[in-house]
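In: sequence plus the predicted model coming up.
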Amino acid sequence: MMKAVLLLTPMLVLCLPVLVTAAEPVKISLCDGMTRVPREGAPPTAQTLQLHAARGEWEPLQIVLTGMPEQLKSIGVLPTGIARRGSDELLPTPVVFHEHYVRVSKSTPMAPLPTGDYPDALMPLDMPSQELTSTSVVNVPFWVDVFVPYTATAGDYYGEVRFKLADGSTLTADYALKVWDFDLPVVPKLRTSIMTTVRRIAEVHGLEYKDNTPSLSHVGLLNSYYDLLAAHRLSVDQIHGSYPDPATGKLDEDKAERALRKHLLHRHCSTIGLPIWQEWPYGDPLGKDREAAMTYVAQWMRLLAKIRCESRGYVIMGDLDEPNDEASYAKVRKWGEFFNEVEKKHGIKVPLLITEQPTPEKAAWGTLNGAVDIWVPHFSAVWKDMEWAGGRHDIAMRRQAGDEVWSYAALVQMPDEWEQQQKHPKTLQAGFPPVWATDYPPMAHRLTGWLLPKHGITGLTYWDTLFAAEGVDVWQDAGTFTTSAGDTYNGDGSFIYPATEKRQGRHAPVASMRLKWLRETAEDYDYLMLARQLGLHEDAQRLVASFARGFGDWDNEPGALMDARHQLGALIEAAQRRKQTAASNAMVEKEKGGAQ
């Protein structure tokens, strides 16, 4: 059966330069998506791999070819459909990418990993591969994304990827997949707000953007970025199609509704932000334009209600971000009053999101209680408030009052209290408030979804996906963010690589491995929410505690995380089947009663 399928899948060839003559046969090995494969050095040793995934879930693996550059000068890649054992059923052919390395030349502050080359950009096979400049044995890793559709039958499957080398020989990597008998939610449970601006997309792709009116090619690219984030169970903060007219501030309801339907009902995104800034689309929304601005806000929010997505709408205003003085706090309160007034006058909810912890840094600034609906403290602020012995637990108090709490990552921000407890470490090895930098371990990204439920945190935000300091070529240099003090934060603000027509043959967003880890943690969060719905919350939390007790107490052990995830999947599957059996038995009893 598999041989017949192999003939149906087109082969894609990657051309790499010829350097030296081969000495030993090319080796093939496999590993999970949490492993970074070095360009040179020992490759993974596994020859087979077992995956587990629910319906509606992506699950990655990596396949590594190891040999001399001469042997790997061209590689034909042939993935197959994934066959169910003992059946003709096939899952879709997985998506394969070749991995592109970037250089960490200067370490991120307190980074536990060294400088050097890191695999990160995941290039479609029809884009040029990276040159091999070594004259010794090298590793060429491929990322394989397996998707389980909602129509799949639970059970055991197997798949393979074949590679044809320059000398005509072939290598085959085999892997197994267990499909759990339950579904991930179509709309992710994790609420997210990931900033990717219209203007920045135009800049990195060399497109003109004038008067807030994108060209058709620009609009196509915007949708590609929105689609990419949605495919990773993440939502962009705002979508251009829902903007009002830039000249008049008037909202074209038909156009905006179409954009919102596409985003929320077709992309299945968990959230969407209202397009409004302090001076746009009205010049003085808190003053002379107050009534017009309030009408606009209500009109936009009612479109969400019309398509039954009102719970997914919120307001995020970058110019209110991270208030850090008395004047900034006063400004947030004024805007909070504005949105509260919209709610009272128009009878529609308008949640205001502010990137700030509930405890003000200085009491003299006053409180934001009553003005803020969605609080977004930094991971480190969550630790200080909820896990440190001296924490005030204001996050819990705001949740009890009916507010939401999300969280975010940025730079390396360890509280003084945490550093004192840890005796001021020079590097961070594990158990620190997570840092999303290239030279930090994959666990720092992946464990986030496991930690959020501990404190009732329901969302994540992130400040950019395409940022790069002036002069930084993200395809070569991981040092995307630098400070005036000379610190470099590798990968900060950069989770998507912009492929361009000149460089890669077409304009397109390219995912990073780090973006895949965020997808995985969003799926982990879905597992935990499913467990909670099925009465398994305590069991799930015991599994979480096997590798992560909190934002300041976790183990850098991907294997422990994967073991816990497999156990959690088995618990969910068993509980789901018990639920289905009980429902079926109840239906039978009901039918018997009706017959009598």
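Out: Looks like it arrived, so ask away. Numbering: from 1, shown residues only.
In: show me what the helix or strand that contains residue 224 is packed up against.
Out: Taking DSSP states H and E as the definition, one finds residue 224 inside helix 216-231. When contacts are defined as 3 or more Cβ pairs under 8 Å, 6 or more residues apart in numbering; DSSP states H and E, helix 216-231 sits against helix 198-204, strand 508-511. Placement of C-beta: from N, CA and C, glycine included.
In: mind listing what's buried in it?
Out: Within helix 216-231, the residues scored as buried using 16 or more other Cβ atoms under 10 Å are 218, 221-223, 225-231.
In: average pLDDT for it?
Out: Helix 216-231 carries an average pLDDT of 96.
In: could I get the helices and strands packed on helix 216-231 as CSV with mean neighbour count?
Out: CSV is the format used below for the helices and strands packed on helix 216-231 (neighbours: other Cβ atoms under 10 Å):
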stretch, mean neighbour count
helix 198-204, 17
strand 508-511, 22
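In: in CSV, list these along with mean pLDDT and distance to residue 141.
Out: What follows is the helices and strands packed on helix 216-231, written out as CSV (pLDDT from 0 to 100; distance: least, Cβ to Cβ, whole Å):
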stretch, mean pLDDT, distance to residue 141
helix 198-204, 94, 26
strand 508-511, 98, 15
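In: which one of those lies closest to residue 55?
Out: Judged by Cβ to Cβ, the one of the helices and strands packed on helix 216-231 that comes nearest to residue 55 is strand 508-511, at 22.2 Å.
In: quick one on the thing from earlier: now render the helices and strands packed on helix 216-231 as TSV, adding distance to residue 494.
Out: Converted to TSV, the helices and strands packed on helix 216-231 look like this (distance: least, Cβ to Cβ, whole Å):
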stretch	distance to residue 494
helix 198-204	10
strand 508-511	11
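In: those: which one's closest to residue 378?
Out: helix 198-204 (22.6 Å).
In: quick one: list the elements packing against the closest one.
Out: helix 216-231.
In: which residues are in contact with the helix it packs on?
Out: Here helix 216-231 makes contact (Cβ atoms under 8 Å, 6 or more residues apart in numbering) with 194, 196, 198, 201-202, 205, 207, 209, 214, 235-236, 239-240, 263, 267-269, 465, 496, 507-509, 511, 519.
In: now the buried members of those.
Out: 194, 196, 198, 201-202, 205, 214, 235-236, 239-240, 263, 267-269, 465, 496, 507-509, 511, 519.
In: how about the nearest residue to residue 338, chain neighbours excluded?
Out: residue 286 (6.0 Å; Cβ to Cβ, 6 or more residues apart in numbering).
In: enumerate every residue touching the one you found.
Out: Counting by Cβ under 8 Å, 6+ apart, residue 286 has contacts 334-335, 338.
In: where does it sit: helix, strand or coil?
Out: Following DSSP: H, G, I helix; E, B strand; the rest coil, residue 286 is assigned to coil.
In: any idea how far residue 62 is from residue 227?
Out: 24 Å (Cβ to Cβ, to the nearest Å).
In: apologies, that question was intended for residue 117.
Out: 29 Å.
In: quick check: buried residues in stretch 141-152?
Out: Here stretch 141-152 shows 141-148, 152 as buried, counting by 16+ other Cβ under 10 Å.
In: mind listing the strands for the stretch 301-450 of the chain?
Out: For the stretch 301-450 of the chain, the strands defined by DSSP state E, counting those that start in this stretch occupy 313-316, 352-354, 374-375, 404-408.
In: do you know which of the ones you listed lies nearest residue 365?
Out: Across the strands of the stretch 301-450 of the chain (criterion: Cβ to Cβ), the nearest stretch is strand 352-354, sitting at 13.0 Å.
In: so what are the sheet partners of that closest one and their directions?
Out: Strands that pair with strand 352-354, judged by DSSP bridges, come out as strand 313-316 (parallel), strand 374-375 (parallel).
In: Throw those strands into CSV and include mean pLDDT, thanks.
Out: As requested, the strands paired with strand 352-354 are arranged in CSV below (pLDDT from 0 to 100):
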stretch, mean pLDDT
strand 313-316, 97
strand 374-375, 98
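In: pLDDT below threshold where in this protein?
Out: By pLDDT under 70, the low-scoring segments of the chain are 1-23, 211-212, 594-596.
In: point to the residue nearest the middle of it.
Out: The chain has residue 518 as the residue nearest its centroid, 3.2 Å off, counting by Cα atoms, centre = their mean.
In: okay, and that one sits in which element?
Out: Going by DSSP H and E, residue 518 is part of helix 513-533.
In: next SSE downstream of that helix?
Out: Following helix 513-533 toward the C-terminus (DSSP H and E): helix 537-545.
In: number of residues surrounding residue 592?
Out: 9 (other Cβ atoms under 10 Å).
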